[in-house]
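In: Could you work out the structure for the sequence below:
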Amino acid sequence: MTFLKKARPLCLSFMASLLVFAAPAGAELPSDYGAGPTSTRLAVPASKHWVWVNDIVFAHMADGAAHLVDGDSGRYLGTLSTGFGFTRVVLPRDGKVIYSPETYFSRGTRGKRTDVVSIYDAATLGAIGEILIPPKRASNFPAMGDMVLTDDDRFLLIFNFTPSASVTVVDTTTRKFVGEIETPGCALIYPTGARSFFTLCGDGSAQLITLNDKGAVAKQSRTVRMFDVDHDPVTEKPVRVGNTWYFVSFDGLIYPISATKEALTVGTPWSLSNEAERKKGWRPGGLQQLAAFAGQNRLYAIMHQGDRATHKDPGKVIWVFDLATHARVLEIPTRNLTGSIQISTDSKPLLYGAFADSSTLDIYDAPTGKWLRSVKEVGATPTLLVVP
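Out: I've put the predicted structure just below:
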């Protein structure tokens with residue numbers, strides 16, 4: 001259910017009860033403060049300026065959550081309770097339902113493990129079904145590539161790590177688990193079409209997989225080594241514009257990977273920083289360190305100063321690049337330390353920023369970088385930001 005009004009604080013409720021006992025006999029009780037919890041139906045499809053703030057809740061990981069916020073008003077719209085080691089919600093293009101791969105234990109934090117894909121109604125946020133999947137879902141530091149939809153929304157793909165690597169395949173039409181694909185030495189999932197995706201492998205290559213209409217492997221191949229994993233490895237946090245995935249290395253080299261269902265082609269790498277900036281330690285960092293605005297062909301990167309070991313550190317500035325010329329066109333000073341960024345998918349996009357050590361969501365005008373508003377107390381440890 002979507003809650004739009006919060007109950008009054010406990011201390012006020014207690015004080016009010018004391019006043020009731022002190023009131024003269026027969027006196028009319030005062031009306032309660034506010035109307036209490038209320039609910040409403042959300043718009044379907046969702047506004048392009050709504051954002052899901054996913055929260056692994058590090059302090060008590062059995063109780064993950066996803067929080068929905070309206071970026072235009074800063075209004076809090078609702079919450080989903082999403083179980084242990086939660087990563088993120090997955091949004092199909094028609095916006096009618098929400099998929100959430102979740103893990104539960106029979107005794108809360110121990111006991112028999114059950115993994116499901118919960119299905120929520122996008123209008124009410126009520127649970128309307130679940131799909132039982134193998135109890136193998138990876139409980140790693142959250143990454144967008146942990147779970148994705150194929151480009152036609154037909155199959156939901158979920159990365160498993162036990163520690164052997166594999167991909168669970170769920171048919172969203174029949175709402176059934178249809179199979180598991182072994183991906184030894186390769187991790188996470190990056191879609192390349194209606195029936196294809198690739199995974200990153202430990203030696204710097206990738207495994208390209210094509211599915212048939214039943215969700216089974218129709219074809220698979222291994223690429224040549226694409227990245228220098230020994231001297232400057234890439235992170236697992238790329239962004240996609242059209243058919244190109246943009247990966248970034250620890251030192252800030254961008255690797256454009258053009259993807260089709262048949263092949264992956266690596267473009268010429270280019271750097272986010274110049275030589276003088278690299279000597280000062282400027283590099284990208286964060287949990288969700290890149291975002292893209294396809295309408296203007298722009299790439300956004302969280303930047304900070306530090307050595308290579310700081311590639312997960314947040315930053316207080318976002319650099320914006322033209323993807324055609326590789327020129328830096330804008331620098332956005334952030335309102336707060338920022339470890340995750342995301343951009344809405346409309347023609348007048350908003351830029352969202354969050355950090356797992358804070359509970360504040362910052363909202364900017366994406367084309368200009370102008371700060372618009374901040375929303376406080378959004379979850380406990382915000383991780384990944386997901387937009388319709």
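In: any idea how far residue 161 lies from residue 299?
Out: Distance of residue 161 to residue 299, given as C-beta to C-beta, to the nearest Å: 29 Å. All C-beta spots, glycine's among them, are computed from the backbone N, C-alpha and C.
In: more crowded one of the two?
Out: Each of residue 161 and residue 299 has its neighbours counted (other C-beta atoms under 10 Å); residue 299 has more, 23 against 15.
In: Can you tell me the element that one falls in?
Out: Residue 299 belongs to strand 298-305 when assigned by DSSP states H and E.
In: and that strand, average pLDDT?
Out: Strand 298-305 carries an average pLDDT of 98.
In: So which residues lie in contact with that strand, not counting its own?
Out: Under the contact criterion C-beta atoms under 8 Å, 6 or more residues apart in numbering, strand 298-305 has outside partners 239, 241, 246, 248, 252, 254, 272-273, 280-286, 289-293, 310, 313-323, 329, 332, 338-339, 341, 343, 351, 366.
In: Send me it as PDB with only the CA atoms.
Out: What follows is strand 298-305, C-alpha atoms only, in PDB (Å, rounded to 0.1, in the frame of the first residue of the first chain):
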ATOM      1  CA  ARG A 298      26.000  13.100 -22.600                       C
ATOM      2  CA  LEU A 299      27.900  10.900 -20.100                       C
ATOM      3  CA  TYR A 300      27.900  11.900 -16.400                       C
ATOM      4  CA  ALA A 301      30.600  10.600 -14.000                       C
ATOM      5  CA  ILE A 302      31.100  11.000 -10.200                       C
ATOM      6  CA  MET A 303      34.700  12.200  -9.700                       C
ATOM      7  CA  HIS A 304      37.000  12.500  -6.700                       C
ATOM      8  CA  GLN A 305      40.700  12.600  -5.900                       C
END
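In: Only the buried residues of that strand, if you could.
Out: Within strand 298-305, the residues that count as buried by 16 or more other C-beta atoms under 10 Å are 298-304.
In: next one: stretch 323-340
Out: 323, 328, 332, 334-340.
In: Partner strands of the strand holding residue 299 and their direction?
Out: Neighbouring strands of strand 298-305 in its sheet, by DSSP bridges, are strand 282-284 (antiparallel), strand 290-293 (antiparallel), strand 315-322 (antiparallel).
In: Would you tell me which strand is longest in this structure?
Out: If you go by DSSP state E, the chain has its longest strand at strand 328-338.
In: State whether residue 154 and residue 191 are indeed in contact, as I suppose.
Out: No. Here residue 154 does not reach residue 191: they are 11.1 Å apart, not a contact under C-beta atoms under 8 Å.
In: So for the two, which sits in the more crowded spot?
Out: residue 191 (21 against 17).
In: Tell me who's in contact with that one.
Out: Going by C-beta under 8 Å, 6+ apart, residue 191 touches 148-151, 157, 197, 240.
In: What about residue 379, how many residues nearby?
Out: Count around residue 379 with other C-beta under 10 Å applied: 23.
In: Kindly provide the distance from it to residue 139.
Out: Relative to residue 139, and taking C-beta to C-beta, residue 379 is found at 18 Å.
In: got the contact list for the residue lying closest to residue 50 once chain neighbours are set aside?
Out: The spatial neighbour of residue 50 that comes closest, neighbours along the chain excluded (C-beta to C-beta, 6 or more residues apart in numbering), is residue 70 at 5.7 Å. Applying C-beta under 8 Å, 6+ apart, we find residue 70 in contact with 47, 49-50, 76-77.
In: Could I get the phi/psi values of residue 70?
Out: When quoted as degrees, to the nearest 10, the phi and psi of residue 70 stand at phi -90, psi 110.
In: And residue 145, by the same measure?
Out: phi -70, psi 0.
In: Neighbours of it, how many?
Out: Around residue 145 sit 19 other residues, with neighbours defined as other C-beta under 10 Å.
In: what do you get for residue 51?
Out: The tally of other residues near residue 51 (other C-beta under 10 Å) stands at 28.
In: what's the helix or strand for it?
Out: Counting by DSSP H and E, the element that carries residue 51 is strand 50-55.
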